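In: dropping a prediction and its sequence here:
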Amino acid sequence: MSVIRDFDCVVKHSEQVLPGVVKIVFDCAGIASVALPGQFVQIEPSPGAFPVTRRPITINRLTENGFELLFDVIGPGTELMARMKPGDEVRILGPLGCGWTVEPGSSWLLIGGGLGAAGFQFLMDTVDSTTVLIGASDSDRVIPLGACHVVTEDGSAGGRGLVTALISEELLAGADSIAVCGPVAMMEAVWSTIPEKYRDKVQISTESRMGCGWGVCDGCSIPVSGGGYKKCCKEGPVFSGIEIDWKRWKEAGL
Ligand SMILES: Cc1cc2nc3c(=O)[nH]c(=O)nc-3n(C[C@H](O)[C@H](O)[C@H](O)COP(=O)(O)OP(=O)(O)OC[C@H]3O[C@@H](n4cnc5c(N)ncnc54)[C@H](O)[C@@H]3O)c2cc1C
Ligand code: FES
């Protein structure tokens with residue numbers, strides 16, 4: 001079992017990549033050397049200066065001596081993070097959680113909704129073969145991922161439509177594993193589109209409001225089949241699609 005550690009990471013680079021979306025690269029060999037695709041970190045937005053708790057962000061990719069995060073600026077925590085500049089020291093807990101289950105030599109179909117695709121790059125860099133489908137509201141929400149099939153609701157990038165329109169029998173049959181990440185409603189629509197015979201290939205990267213990020217506060221439950229709950233931070237954030245109780249998860253309005 002890996003030990004959860006807090007690291008003093010240094011901001012190497014920060015930039016706005018899309019309106020309201022910021023990329024930060026941290027130097028931190030300690031986290032980068034053990035991180036796996038689909039894991040996240042808990043980042044302290046403003047050390048000691050403001051009572052904002054840590055915020056969970058998925059590791060988007062590894063860099064030469066650290067890792068990169070890509071996040072939406074939507075509230076006090078991410079606003080403080082967006083102000084970080086090169087040279088700042090930031091306490092970061094991680095890597096946390098269970099990421100994608102990757103079998104050697106497997107081919108993947110990745111299906112992302114908007115900023116949900118933040119984190120796909122690490123998986124794309126790790127596995128042998130990927131086909132990537134991205135859906136977003138408009139071109140300002142399509143994160144740069146290289147070769148992928150894109151649709152937007154207003155048609156401003158790729159074709160016009162929803163990401164479910166890109167899913168085909170051929171793509172589902174040809175993939176060993178299927179990764180899905182995005183808003184809950186989008187993931188539920190994708191899940192409903194996938195025929196039963198392919199559902200055991202599907203892995204879902206979930207999100208929940210988090211406290212501790214490592215299993216002690218009970219603040220991040222995801223409803224699972226059979227009536228129980230699992231901790232998004234420790235047993236997830238990636239779960240098999242079959243494990244999730246979609247009806248209760250959707251009703252919870254997370
Ligand atoms: C495991 C995990 C990985 C994540 N990875 C990323 C990532 O790579 N990039 C990214 O942009 N965001 C990611 N998030 C979401 C990110 O943690 C939140 O956007 C952030 O904590 C918001 O903090 P804030 O103080 O800026 O806004 P807040 O004031 O805390 O929230 C602003 C609004 O967003 C809603 N919200 C905040 N967090 C969540 C959440 N987890 N689920 C649902 N609604 C939420 C709040 O209800 C509120 O309406 C991740 C969340 C989890 C749990
Ligand atoms: S966030 Fe505390 S148990 Fe998951």
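Out: Nice, I can see it. Ligands and ions are numbered 1, 2, ... in the order given.
In: and the gap between the residue of the stretch 51-200 of the chain found nearest ligand 1 and residue 209?
Out: Relative to ligand 1, the nearest point of the stretch 51-200 of the chain is residue 75 (2.1 Å; C-beta to the nearest ligand atom). Where C-beta positions appear, they are placed from N, C-alpha and C, glycine not excepted. In this structure, residue 75 and residue 209 are 11 Å apart, going by C-beta to C-beta, to the nearest Å.
In: quick check: pLDDT value at residue 250.
Out: Per-residue confidence at residue 250 stands at 84 (pLDDT).
In: does the closest residue to it other than its chain neighbours belong to a helix, a strand or coil?
Out: In space, not counting the residues next to it along the chain, residue 250 is nearest to residue 188; the distance is 5.7 Å by C-beta to C-beta, 6 or more residues apart in numbering. Assigned by DSSP: H, G, I helix; E, B strand; the rest coil, the conformation of residue 188 is helix.
In: how many neighbours does residue 188 have?
Out: Using other C-beta atoms under 10 Å, residue 188 has 18 neighbouring residues.
In: then the one 10 residues further on?
Out: Taking other C-beta under 10 Å as the neighbour definition, residue 198 ends up with a count of 17.
In: again with residue 107
Out: 14.
In: now for the closest residue to it other than its chain neighbours: which residues touch it?
Out: Residue nearest to residue 107 in three dimensions, not counting chain neighbours: residue 129, with 4.0 Å by C-beta to C-beta, 6+ apart. With contact taken as C-beta atoms under 8 Å, 6 or more residues apart in numbering, residue 129 is in contact with 106-108.
In: give me the below-cutoff pLDDT ranges for the stretch 151-254 of the chain.
Out: 253-254 (pLDDT under 70).
In: around ligand 1, pick out the residues from it.
Out: Listed as neighbours of ligand 1 in the stretch 151-254 of the chain under the rule C-beta under 6 Å from any ligand atom: 207-210, 237, 254.
In: touching the helix or strand hosting residue 24 from outside, list them.
Out: Counting by DSSP states H and E, the element that carries residue 24 is strand 21-27. Defining contact as C-beta under 8 Å, 6+ apart, one finds that strand 21-27 is touched by 9-17, 60, 63, 65-73, 78, 81-82, 84, 90, 92, 115, 141, 143.
In: just the buried residues from the residues you listed, in PyMOL please.
Out: The PyMOL selection below is limited to those of the contacts of strand 21-27 classed as buried (16 or more other C-beta atoms under 10 Å):
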select buried, resi 9+10+11+12+14+60+66+67+68+69+70+71+72+73+78+81+82+84+90+92+115+141+143
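In: need phi/psi at the residue lying closest to residue 128 once chain neighbours are set aside.
Out: Spatial nearest neighbour of residue 128, excluding adjacent residues (C-beta to C-beta, 6+ apart): residue 105 at 5.7 Å. Per-residue torsions, residue 105: phi 70, psi 10 (degrees, to the nearest 10).
In: what does the pLDDT read for residue 105?
Out: pLDDT, residue 105: 90.
In: quick check: it touching residue 177?
Out: No - judged on C-beta atoms under 8 Å, residue 105 makes no contact with residue 177 at a distance of 11.2 Å.
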